[in-house]
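Asker: this one's sequence-less:
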């Protein structure tokens, strides 16, 4: 027979795992796993014709959105992905790519700084200007995608303080271990 404490803990664990599974369920299946033979953005940029038609799962930070007559090009700065397919805030190979959506994508919703993960097929590369520089962009025809908010680092908890850097440890600035009392 289970005690109420054990039953309560099992109930909490079950609730938390249900919540985690519900959050993971919002991610399209194609975004949940990496493509096994997918080239990196850097490889696709170096050899665009060799990778046409290959499926990729890439992500990054949105730089701009350009709506055309029947499609929308979202320019991204490629970033590596976390296990949940969310783009990391740093890192990568320094490559930009274009995620091409069929139809209209609202630039207000897909604002610069937000992050985007896409799954689709490579459609070669196109040259466009970055400032005055001609830049070769790998182009991904988007099948599925997930928009993420701008990265917000998790703040350090206010209750966590390192005692070696706390001026009030152990008895305040006038205590025996405070640095003012030491003459160097």
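Answerer: Nice, I can see it. Since the structure is predicted, the reported quantities are computational estimates derived from the model, not experimental observations. Numbering: from 1, shown residues only.
Asker: okay, CA-based contacts and neighbour counts for the rest of this
Answerer: Noted.
Asker: any low-confidence regions in this protein?
Answerer: Across the chain, the ranges flagged by pLDDT under 70 are 1-25, 156-184.
Asker: Would you state the helices of it in chain order?
Answerer: 4-24, 29-32, 41-46 (DSSP state H).
Asker: what's in contact with the second one?
Answerer: With contact meaning C-alpha atoms under 8 Å, 6 or more residues apart in numbering, helix 29-32 is reached by 57, 84-85, 117-119, 144-145.
Asker: Tabulate the residues you listed in TSV, adding columns for distance to residue 102.
Answerer: Converted to TSV, these look like this (distance: C-alpha to C-alpha, whole Å):
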residue	distance to residue 102
57	17
84	25
85	22
117	16
118	13
119	14
144	11
145	12
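Asker: Show me which of the residues you listed is closest to residue 127.
Answerer: Nearest to residue 127, judged by C-alpha to C-alpha, of the contacts of helix 29-32 is residue 118 at 20.6 Å.
Asker: show me the contacts for the closest one.
Answerer: Contacts of residue 118 (C-alpha under 8 Å, 6+ apart): 31, 56-59, 99, 142-146.
Asker: Go again with 10 Å.
Answerer: For residue 118, the contact set (C-alpha atoms under 10 Å, 6 or more residues apart in numbering) comprises 30-31, 56-60, 85, 99-101, 140-147.
Asker: which of the residues in stretch 53-66 are buried?
Answerer: Across stretch 53-66, burial judged by 16 or more other C-alpha atoms under 10 Å covers 54-65.
Asker: Off-centre distance for that stretch?
Answerer: 12 Å (C-alpha atoms, centre = their mean, to the nearest Å).
Asker: separation between residue 34 and residue 108?
Answerer: 29 Å (C-alpha to C-alpha, to the nearest Å).
Asker: who has more neighbours, those two?
Answerer: residue 34 (16 against 8; other C-alpha atoms under 10 Å).
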